[in-house]
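In: Next comes the sequence, and after it the predicted model I'd like to discuss.
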Amino acid sequence: MSTPFPVNGYVLVLNCGSSSLKFSVTDPATGDVALSGIGDALGQTEPSVSWKLGGERFSHPLPEGARNSDAIRFLVEEILQPADDLYQRIIAIGHRVVHGGEKFSESVRIDESVIRAIRDCVALAPLHNPAHLLGIEAAAAAFPHLPQVAVFDTAFHQTMPQHAYIYALPYALYREHGIRRYGMHGTSHRFVTGRAAELLDIPAQKINIISAHLGNGASITAIANGKSVDTSMGLTPLEGLVMGTRSGDVDPGLLMHLGARMDYCLKEINDLLNKQSGLLGISELSNDCRTLEAASSEGHRGAQLALDIFCYRLSKYIAAYHGVLSRVDGVVFTGGIGENSALIREKVLAQLCGLGYRLDTGANAQMRFGAEGPIHSSTDGLQDRPVLVIPTNEEWVIARDAARLVSAEESL
Ligand code: ADP
């Protein structure tokens, strides 16, 4: 990340969700964050904006029912314009967009055709893409003079080969309805791939890694020669690993069983699999890994089982991706759990000892709160299996992509 950067200035990074707006003003050259904040509970009874600027924290309520566009207006008029130095230095707006379908394999400058294409993907991300579109519209109105860029969560996975992304369903479902595996968290997997290449001193176009992004949502990606070749999330973010409240992989026969034998309707099945399952469902306590670790150490059986299943299933994916990649240069842990939980990393690597993974317990304990580095042991003369903890930084990727696209167009 130390190459000279083509432009001076900041990028306003926006992540517009259905009831939240995350924002930051990020220096694309260094990743430094001048302003960060969140608009919360948007569209609900007590929406508010909180932010951090110049080392100080602030919070302000918004009127009842205030939406994304209101939060963006507040951001511009009450936060950015009073900080005029910062405001004047913003050169572009970078939007996180969850789904770009097959149309986008990289970030793009937003124009009418891009807006249409994001709209075409609404069926694939019905909660996220409409919110992004509203955010793009509101940002264009608030910053008519600034270029806007879309950075897609799915883009990094567009390099997956057909055998990894086609489901074993009638092919017409793919051909006619785009039903296939798309993957998510691409911006994070791309970021840690670049950092791993630097840390392991391997050219970015040659590195093979397995990247585990473990947050409330969790996914794992096999990366060959710097490109995604398989990933655990599919048509939707539900497939793959056990997550905070999502089940991850289940037998699809379960859906028929719930519907035909237990009278669940589609909405109930959706809520069950997306909101009531995963760590929360198993533990009957919490979706939060910290809470489960604390409860587990006090003997809570549900918490212990939830953590065991989470780690076991993750280990199985890592082992499977050894079969996908011809060589594994390293495994990367990232996301809130991956970056902070020594216990989860220890349990996963213990399960993988048959593949030669060995943990450096001391190094593992140190890796939290933004620390970066290796946690594998190379003391016993076996071939090293590097394992790295790398804090992800999706905002920085978005800022870099936006600045690069803007400067590339300026130099035409
Ligand atoms: P999101 O997907 O919402 O961005 P994060 O990447 O912030 O989520 O990850 C949230 C998860 O990280 C939660 O389960 C939280 O408990 C876990 N986490 C954060 N800090 C720690 C920690 N010190 N130890 C264990 N888990 C942690």
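Out: Received the coordinates, thanks.

In: Buried residues, stretch 232-242. List them.
Out: 232-242 (16 or more other Cβ atoms under 10 Å). Any C-beta I mention is one placed from the backbone N, CA and C, and that applies to glycine too.

In: farthest-separated two in those?
Out: Farthest pair in those (Cβ to Cβ) is 235 and 242. Separation: 18.2 Å.

In: If residue 220 is in a bridge, with which residues?
Out: residue 212 (DSSP bridges).

In: now residue 11
Out: Here residue 11, judged by DSSP bridges, has bridge partners residue 26, residue 92.

In: Correct me if wrong: it contacts residue 96.
Out: No - contact between residue 11 and residue 96 fails when scored by Cβ atoms under 8 Å: they sit 11.9 Å apart.

In: For the stretch 301-412 of the chain, which segments are assigned as helices?
Out: Secondary structure of the stretch 301-412 of the chain (DSSP state H, counting those that start in this stretch): helices located at 301-324, 335-340, 342-351, 361-366, 394-410.

In: Columns mean neighbour count and mean pLDDT on top of those helices, output as JSON lines?
Out: Listed next are these as JSON lines, based on neighbours: other Cβ atoms under 10 Å; pLDDT from 0 to 100:
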{"stretch": "helix 301-324", "mean neighbour count": "18", "mean pLDDT": "98"}
{"stretch": "helix 335-340", "mean neighbour count": "23", "mean pLDDT": "97"}
{"stretch": "helix 342-351", "mean neighbour count": "20", "mean pLDDT": "98"}
{"stretch": "helix 361-366", "mean neighbour count": "14", "mean pLDDT": "96"}
{"stretch": "helix 394-410", "mean neighbour count": "22", "mean pLDDT": "91"}
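
In: Residue 286 and residue 278 touch, don't they?
Out: No - contact between residue 286 and residue 278 fails when scored by Cβ under 8 Å: they sit 10.6 Å apart.

In: more crowded one of these two?
Out: Counted by other Cβ atoms under 10 Å, residue 286 and residue 278 do not tie: residue 278 has more neighbours, with 26 against 19.

In: Show the pLDDT at that one.
Out: Among the per-residue scores, residue 278 shows a pLDDT of 97.

In: From residue 12, how far out is residue 26?
Out: Look at residue 26 and residue 12: by Cβ to Cβ, to the nearest Å, they are 8 Å apart.

In: Likewise for residue 389?
Out: For residue 389 relative to residue 12 (Cβ to Cβ), the value is 29 Å.

In: a helix runs through residue 49, doesn't it?
Out: No - secondary structure of residue 49 (DSSP: H, G, I helix; E, B strand; the rest coil): strand, not part of a helix.

In: which residues does it contact?
Out: Residues near residue 49 by Cβ atoms under 8 Å, 6 or more residues apart in numbering: 37-40, 59-60, 62, 71, 74-75, 79.

In: So which of those residues sit within helices?
Out: If you go by DSSP state H, the contacts of residue 49 have 71, 74 in helices.

In: Residue 80: what's its closest spatial neighbour, skipping adjacent residues?
Out: In this structure, residue 80 finds its nearest non-sequential neighbour in residue 87, 4.4 Å apart by Cβ to Cβ, 6 or more residues apart in numbering.

In: Show me what counts as buried in the helix or strand hosting the one you found.
Out: According to DSSP states H and E, residue 87 maps onto helix 84-88. Neighbour counts over helix 84-88 (16+ other Cβ under 10 Å) mark 86-87 as buried.

In: would you list every one of the strands in the stretch 201-350 of the chain?
Out: Assigned by DSSP state E, counting those that start in this stretch, the stretch 201-350 of the chain shows strands spanning 209-214, 218-224, 227-231, 330-334.

In: Measure how the first one sits relative to helix 301-324, angle-wise.
Out: Strand 209-214 and helix 301-324 are oriented at 160 degrees to each other (axes from the mean of the first three to the mean of the last three Cα atoms, to 10 degrees).

In: on that earlier part again, arrange the strands of the stretch 201-350 of the chain in JSON lines, one row each, with distance to the ligand, mean neighbour count and mean pLDDT as further columns.
Out: Converted to JSON lines, the strands of the stretch 201-350 of the chain look like this (distance: least, Cβ to the nearest ligand atom, whole Å; neighbours: other Cβ atoms under 10 Å; pLDDT from 0 to 100):
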{"stretch": "strand 209-214", "distance to the ligand": "7", "mean neighbour count": "28", "mean pLDDT": "98"}
{"stretch": "strand 218-224", "distance to the ligand": "8", "mean neighbour count": "27", "mean pLDDT": "98"}
{"stretch": "strand 227-231", "distance to the ligand": "16", "mean neighbour count": "23", "mean pLDDT": "98"}
{"stretch": "strand 330-334", "distance to the ligand": "8", "mean neighbour count": "26", "mean pLDDT": "98"}
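
In: now those in TSV, with distance to residue 168?
Out: Below are those laid out as TSV (distance: least, Cβ to Cβ, whole Å):
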stretch	distance to residue 168
strand 209-214	24
strand 218-224	19
strand 227-231	15
strand 330-334	28
